[in-house]
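K.L.:
model the structure of this input:
(one chain, ligands or ions: 3)
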Amino acid sequence: MPTTPSAQYSLTIRVEIDHKPGMLGQVASAIGKAGGVIGAVDLVEVGDDTLLRDITVDATDQGHWDAITGAIDALEGARVVDTTDRTFLLHVGGKIEQHNKSSLRTRDDLSMAYTPGVARVCMAIHEDRDKAFQYTIKRNTVAVVSDGTAVLGLGDIGPEASMPVMEGKCMLFKEFAGVDAFPIVLSTKDPDEIVETVRRIAPGFGGINLEDISAPRCFEIEDRLKAELDIPVFHDDQHGTAIVVLAALLNACKLTGRDLMDLKVLVTGLGAAGVAVTKILQAAGVRDIIGADSKGLVSTDRSDYADGSMNAIKRWYAETSNPQKISGPPVNALDGCDLFIGLSGARIFPAEALQAMNKDAMVFAMANPNPEVAPEEAAPYARIIATGRSDYPNQINNVLAFPGVFRGALDVRARQITEEMKMAAARAIAQIVNDAEVREDYIIPSVFNRDVAPAVAAAVADEARASGAAAVIDNTIGFAAGDRATLA
Ligand SMILES: NC(=O)C1=CN([C@@H]2O[C@H](COP(=O)(O)OP(=O)(O)OC[C@H]3O[C@@H](n4cnc5c(N)ncnc54)[C@H](O)[C@@H]3O)[C@@H](O)[C@H]2O)C=CC1
Ligand SMILES: CC(=O)C(=O)O
Ligand SMILES: [Mg+2]
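P.N.:
Ligands and ions are numbered 1, 2, ... in the order given. I've put the predicted structure just below:
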């Protein structure tokens, strides 16, 4: 996995090629025969008898690289000089940096941006703490906070190792919604310490995006922070994912002529994402949901329910689902299912098991980096297939939600992100795919669709205003009336 070459395993191969007619063609042909897909070909250096070229090749995995470079080396007149893993190259020195918004060239610049001028701004905020939203980065800045315990589907890999994902989330915030985001990774897994740390850094931020913090700690951490802070706190893996799954499902039901109330759903992975997805589907009207964790299907008949060792959120799950008390591995609940939602890990059952599902089955296999079931293997058994990856159609990924959700919340100074705001975000994403366009491989807009984040932001902001979740100060990019008067 993947079985087709992709940019994930893109390699730049530096090749020294004899300067003879047809040699480049032979190299290209050798790469093609080895299964590589050629992208850019650049001339690096012209020697007396040789040419140095950089050839970018997509492969299926790292093992495939050896086959491709071996095929080049096997040619007479071509030698691999060097290789560069383009994904690692993109990460050298990190993926984001900070930029200044005004120049610092003169003493005047300095005395306004820094001391002594800055002191008057500090005192204005000291007199009215709310002015931090007007005169600091707080108004547009979100902390992306992780303890590195549930990084994608890689598990507890620690705060340092989580940084590439957190930097990536910050890039997405900026790219899709103009939100400035900073990765904050914590060297603690203790909920009390996480809450305390986030609480203490909160004054500089307009919102807190919790990321890749494992369940069940994530539920307590988010609840406590929401209660203590007056800025939005949003656990992306829970609510971003839930919003996007609901959006995709609304369109999938439209396409297959189904009603949410009649669906039978199996969810694997009862962590942050699985639990939140279950809750939003229930709120939207889905009644028959069964869940499985790594020990199997959850029910009140399970021994850990009976002996009290099952955690509170799974006890809730057991009590509110699976009335038939189906037990054992998740495949035991696939019979008669309309929708499978995977938020657990790669390859948890063979694709053939999906044939027990109903006609027009829907398979949302969303574990990252690799889905529960490979789409090409699921294809014979499902009408609609979606994954969390960018290299298949129907990418159900929370990037469709979190940039717009925070854009909308920051714009109206929302103090929290309510259930209604999440519902509004889901409907906004679903509606980007209009009724005439919806089809099996298009139930959700592309993550590159630039209409998504503004639509989500508008829906979230409207809902926040309507429900009173927003602050009285509305979105004023510029000066509020009072400040203008002070300056005049
Ligand atoms: N496509 C998307 O937008 C998103 C995808 N995900 C993916 O969902 C997965 C879970 O993420 P989180 O909920 O944040 O992690 P988490 O650590 O909070 O929860 C993972 C859950 O999966 C369960 N699990 C592990 N192996 C299992 C198996 N073989 N069968 C059934 N359950 C199993 C664990 O018991 C745990 O309850 C990850 O692979 C992650 O990449 C998460 C958020 C968004
Ligand atoms: C997409 C995402 O947030 C995850 O896989 O954890
Ligand atoms: Mg995540």
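
K.L.:
in space, what's closest to the residue in the stretch 251-400 of the chain positioned nearest to ligand 3 - neighbours in sequence excluded?
P.N.:
As assessed by C-beta to the ion, ligand 3 sits closest to Asn398 within the stretch 251-400 of the chain, at 6.7 Å. From N, CA and C alone the C-beta is placed, and that goes for glycine too. If the residues on either side of it in the chain are set aside, Asn398 comes closest to Gly240, at 3.1 Å by C-beta to C-beta, 6 or more residues apart in numbering.

K.L.:
do a quick rundown of the strands in the stretch 101-250 of the chain.
P.N.:
Applying DSSP state E, counting those that start in this stretch to the stretch 101-250 of the chain gives strands spanning 141-146, 180-185, 207-210, 233-235.

K.L.:
how about low-confidence regions in this protein?
P.N.:
Along the chain, segments meeting pLDDT under 70 span 1-2, 472-488.

K.L.:
just the closest residue of it to ligand 1, please.
P.N.:
Gly271 (1.7 Å; C-beta to the nearest ligand atom).

K.L.:
thought Ala346 was touching Asn370?
P.N.:
Yes - in this structure, Ala346 is within contact of Asn370 by C-beta atoms under 8 Å, at 3.8 Å.

K.L.:
tally up the residues packed near the residue of the stretch 51-200 of the chain found nearest ligand 3, please.
P.N.:
Nearest residue of the stretch 51-200 of the chain to ligand 3: Leu152, at 6.3 Å (C-beta to the ion). Using other C-beta atoms under 10 Å, Leu152 has 15 neighbouring residues.

K.L.:
same check on Thr4?
P.N.:
Per other C-beta under 10 Å, the neighbour tally for Thr4 reads 12.

K.L.:
quick one: closest of the strands of the stretch 101-250 of the chain to Ile31.
P.N.:
Taking C-beta to C-beta, strand 180-185 is the member of those nearest to Ile31, at 36.8 Å.

K.L.:
now the angle from the closest one to strand 141-146?
P.N.:
For strand 180-185 against strand 141-146, the angle by axes from the mean of the first three to the mean of the last three C-alpha atoms, to 10 degrees is 30 degrees.

K.L.:
which stretches of the stretch 201-350 of the chain form helices?
P.N.:
Along the stretch 201-350 of the chain, the segments classed as helices by DSSP state H, counting those that start in this stretch run 217-228, 241-256, 272-284, 303-306, 312-320.

K.L.:
can you list these in a markdown table and add distance to ligand 3 and mean neighbour count?
P.N.:
What follows is the helices of the stretch 201-350 of the chain, written out as a markdown table (distance: least, C-beta to the ion, whole Å; neighbours: other C-beta atoms under 10 Å):
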| stretch | distance to ligand 3 | mean neighbour count |
| --- | --- | --- |
| helix 217-228 | 10 | 18 |
| helix 241-256 | 8 | 25 |
| helix 272-284 | 8 | 23 |
| helix 303-306 | 26 | 13 |
| helix 312-320 | 18 | 17 |
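
K.L.:
from Gly117, how far out is the residue in the stretch 51-200 of the chain that ligand 2 sits nearest to?
P.N.:
Relative to ligand 2, the nearest point of the stretch 51-200 of the chain is Leu152 (4.3 Å; C-beta to the nearest ligand atom). Applying C-beta to C-beta, to the nearest Å, the value for Leu152 to Gly117 is 45 Å.

K.L.:
next to ligand 3, which bits of this structure? Give me the list.
P.N.:
With the criterion set to C-beta under 5 Å from the ion, the chain comes near ligand 3 through Asp212, Asp237.

K.L.:
re the thing from before, how far away is the closest residue to the residue of the stretch 51-200 of the chain closest to ligand 3 other than its chain neighbours from Val399?
P.N.:
Spatial nearest neighbour of Leu152, excluding adjacent residues (C-beta to C-beta, 6+ apart): Asn368 at 4.2 Å. Note on Asn368: its distance to Val399, by C-beta to C-beta, is 11 Å.

K.L.:
and Thr149, by the same measure?
P.N.:
Distance from Thr149 to Val399, counting by C-beta to C-beta: 21 Å.

K.L.:
cool, and Ser162?
P.N.:
17 Å.

K.L.:
look at the two and report which has more neighbours.
P.N.:
Counted by other C-beta under 10 Å, Ser162 and Val399 do not tie: Ser162 has more neighbours, with 26 against 23.

K.L.:
touching, that one and Leu186? I think so.
P.N.:
No - between Ser162 and Leu186 there is no contact under C-beta under 8 Å: 9.6 Å.

K.L.:
common neighbours of the two, please.
P.N.:
Residues touching both Ser162 and Leu186 (C-beta atoms under 8 Å, 6 or more residues apart in numbering): Ser146, Asp147, Gly148.

K.L.:
residues contacting the last one?
P.N.:
Each residue near Gly148 by C-beta under 8 Å, 6+ apart is listed here: Asp156, Ile157, Gly158, Pro159, Glu160, Ala161, Ser162, Val185, Leu186, Asp212.

K.L.:
re earlier: Ala459: which of the shared contacts of Ser162 and Leu186 is nearest?
P.N.:
Relative to Ala459, the closest of the shared contacts of Ser162 and Leu186 is Ser146; by C-beta to C-beta it sits at 26.9 Å.

K.L.:
ok, now how distant is the closest one from Ser111?
P.N.:
As defined by C-beta to C-beta, Ser146 lies at a distance of 39 Å from Ser111.

K.L.:
who has more neighbours out of those two?
P.N.:
Per other C-beta under 10 Å, whichever of Ser146 and Ser111 has more neighbours is Ser146, with 26 against 12.

K.L.:
can you dump the C-alpha coordinates of the strand ranked longest in the chain into PDB?
P.N.:
Looking across the chain with DSSP state E, the single longest strand is strand 6-18. The C-alpha coordinates for strand 6-18 follow below in PDB (Å, rounded to 0.1, in the frame of the first residue of the first chain):
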ATOM      1  CA  SER A   6       2.400   8.300  -5.700                       C
ATOM      2  CA  ALA A   7       4.100  11.500  -4.600                       C
ATOM      3  CA  GLN A   8       4.300  10.000  -1.100                       C
ATOM      4  CA  TYR A   9       7.300   8.000  -2.300                       C
ATOM      5  CA  SER A  10       8.700  10.500  -4.800                       C
ATOM      6  CA  LEU A  11      12.400  10.300  -5.400                       C
ATOM      7  CA  THR A  12      14.800  12.600  -7.200                       C
ATOM      8  CA  ILE A  13      17.400  10.400  -8.900                       C
ATOM      9  CA  ARG A  14      20.600  12.100 -10.000                       C
ATOM     10  CA  VAL A  15      21.900  10.100 -13.000                       C
ATOM     11  CA  GLU A  16      25.100  10.500 -15.000                       C
ATOM     12  CA  ILE A  17      24.300   9.600 -18.600                       C
ATOM     13  CA  ASP A  18      26.600   9.100 -21.500                       C
END
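
K.L.:
partner strands of that strand, with direction?
P.N.:
Strand 6-18 sits in its sheet next to strand 50-59 (antiparallel), strand 78-85 (antiparallel), going by DSSP bridges.

K.L.:
most proximal residue of this protein with respect to ligand 2?
P.N.:
Distance from ligand 2 to each residue of the chain (C-beta to the nearest ligand atom) is smallest for Asn368, at 3.7 Å.
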